[in-house]
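Enquirer: just coords:
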């Protein structure tokens, strides 16, 4: 079975450039999550979607960050303009939410470096 | 300037010994708990979960214990192997939204 698929795996970009991270959740899952991991703050939930609708975006750092889920099999996380402090590993995860207690499965992450 | 990162607690375990990783959670309303393992350069990988109506659950070589009274979770790994070296995270959930702890680095020595 294919797991959560993320692209790109690694990206190095210059400050001020737009960055788009992509995610394909596990087929059949109805919830999708974007997490960010840094040494300073650990794993932080940025936003999550249920049935393609954003439910909680309280973790999104600021207006430079935006996330979309146009259909059940695709989501993007965009940073515009990017800054060096955005350097982190960004994980996409998905689950089948049927009530309280749902295992969330993670992708391998997108390693972003902003110089 | 100097950056300060998270100081992960480290558990050093001899190969073949049992490991116990502890976690304190914060939300008394959390009803579902998961342990994840993260190897270097990879995403968190599900190990085992437990619901709040249970206090113990066993998997293959792993056992999770939940003490709701003191909001404490532990992961026991039997006969620790070199492949168990990783960072282990506990996560608490209320209606699907996971909050992660800081993690514990497990180092298995021969």
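Expert: Here it is on my side, so go on. None of these values were measured; they are calculated from a predicted model.

Enquirer: can you list the weak-confidence ranges in chain A?
Expert: For chain A, applying pLDDT under 70 flags the ranges A:1, A:98-101.

Enquirer: ok, for the residue nearest in space to the middle of it, nearest residue in space, not its chain neighbours?
Expert: The C-alpha lying nearest the average C-alpha coordinate of chain A belongs to residue A:34 (C-alpha atoms, centre = their mean; 2.9 Å). Spatially, and ignoring its direct neighbours in sequence, residue A:34 is nearest to residue A:46 (4.4 Å; C-beta to C-beta, 6 or more residues apart in numbering or on different chains). Where C-beta positions appear, they are placed from N, C-alpha and C, glycine not excepted.

Enquirer: pretty sure that neighbour belongs to a strand, no?
Expert: Yes: the assignment for residue A:46 is a strand, going by DSSP: H, G, I helix; E, B strand; the rest coil.

Enquirer: Provide a list of residues in contact with it.
Expert: Counting by C-beta atoms under 8 Å, 6 or more residues apart in numbering or on different chains, residue A:46 touches A:34, A:35, A:36, A:57, A:59, A:60, A:61, A:65, A:67, A:77.

Enquirer: For the one helix or strand the last one maps to, name the packing helices and strands.
Expert: With elements taken from DSSP states H and E, the one containing residue A:77 is strand A:74-79. Contact partners of strand A:74-79 among helices and strands, from 3 or more C-beta pairs under 8 Å, 6 or more residues apart in numbering or on different chains; DSSP states H and E: strand A:19-24, strand A:31-38, strand A:42-50, strand A:65-71, strand A:88-95.

Enquirer: Who are the contact partners of residue B:42?
Expert: A:108, A:109.

Enquirer: Now do the buried residues in the strand holding residue A:77.
Expert: Buried residues in strand A:74-79, defined by neighbour count with 16 or more other C-beta atoms under 10 Å in any protein chain shown: A:75, A:77, A:79.

Enquirer: For the nearest residue to residue A:79 once chain neighbours are set aside, give its distance to residue A:28.
Expert: Distance criterion C-beta to C-beta, 6+ apart; nearest residue to residue A:79, sequence neighbours excluded, is residue A:19 at 4.5 Å. To residue A:28, residue A:19 is 29 Å away according to C-beta to C-beta, to the nearest Å.

Enquirer: If anything else comes up later, I'll come back, but that's it for now.
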